[in-house]
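Q: Fold the following, please.
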Amino acid sequence: MKLQVALDVAKLDEALTLARLTSDYVDILELGTPLVKAEGLDAITAIKAAHPDKLVFADMKTADAGELEADLAFSAGADLVTVMGAADDDTVKGAVAAGKKHGKDVVADMITIVENRVPRIREVSKMGVSFVEIHAGLDEQARPGYTIDTLLEDGRQAGVPFSIAGGVTSDSIAAVQNAGATVAVAGGAIRSAKDPAAAAKALRTRIR
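A: Predicted coordinates for the structure are as follows:
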């Protein structure tokens, strides 16, 4: 299982610092949507230039014009790009077409689908995405009774390659791997830690 750090900051210098501190322990550097919106596609190029040995994940959350937006991100240096799992089928397929053109990977982000995710996960998987990200956003995580176990169960039921984002910590990462996830995405567990490097290392040591 790969470890992905979500660089959920809005300034490129902060993202570069966080990437530098954690790069020894992670496989994938994710440019969060706020960073892409604030700094533009140049941020993708900058992160890839600083860490050419890492996979760079552009969290575009594309909801329309899938082929165009994915092509822009891949051309800027991204290795993986997200398209919304709830988007129109043609949007997903367009992003996949751009991925094939560049020899890169497209990930379907399921963040807006809270209930009955499994059928849509299976549908978008058949459209050619490399894997789906079963993703609970901050608003979903803040609801009473939220548990990462719901995401893990959806992953187990779907039976397709998936990542988990939304509450991955040093306490839960073993369960994420046991559920069969391809990638564990850690955001706040690393970004908000007093020592992000130590937090990333702690997560890495818990991956078998």
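Q: Setting the sequence-adjacent residues aside, check what's closest to Q4.
A: Excluding the flanking residues, the one nearest Q4 by Cβ to Cβ, 6 or more residues apart in numbering is I28, at 3.8 Å. C-beta: built from backbone N, CA, C; applies to glycine.
Q: Report the beta-bridge partner residues of that neighbour.
A: Q4, L55 (DSSP bridges).
Q: thinking it is in contact with L3, fair?
A: Yes. With contact defined as Cβ atoms under 8 Å, I28 reaches L3; the gap is 7.3 Å.
Q: What is the longest helix of this structure by residue count?
A: Longest helix in the chain, counting residues (DSSP state H): helix 89-102.
Q: which ones are touching the residue nearest to Q4?
A: By Cβ atoms under 8 Å, 6 or more residues apart in numbering, the contact list for I28 reads K2, L3, Q4, V5, K54, L55, V56, F57, L80, V183.
Q: And the buried ones among those residues, selectable in ChimeraX?
A: The buried residues among the contacts of I28 can be selected in ChimeraX (16 or more other Cβ atoms under 10 Å) with this line:
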select :3,4,5,54,55,56,57,80,183
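Q: Reformat the contacts of I28 as TSV; add distance to G166 and pLDDT.
A: Shown next, in TSV, are those (distance: Cβ to Cβ, whole Å; pLDDT from 0 to 100):
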residue	distance to G166	pLDDT
K2	17	98
L3	15	98
Q4	12	98
V5	14	98
K54	22	98
L55	20	98
V56	21	99
F57	16	98
L80	18	98
V183	13	98
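Q: related to what we said a few turns ago, residues in contact with the longest helix of the chain?
A: 62-71, 74-75, 81, 83-85, 105-106, 108, 123-124, 127-130.
Q: Buried residues of that helix, list them for me.
A: Neighbour-count burial for helix 89-102 [16+ other Cβ under 10 Å]: T91, V92, K93, G94, A95, V96, A98, G99, H102.
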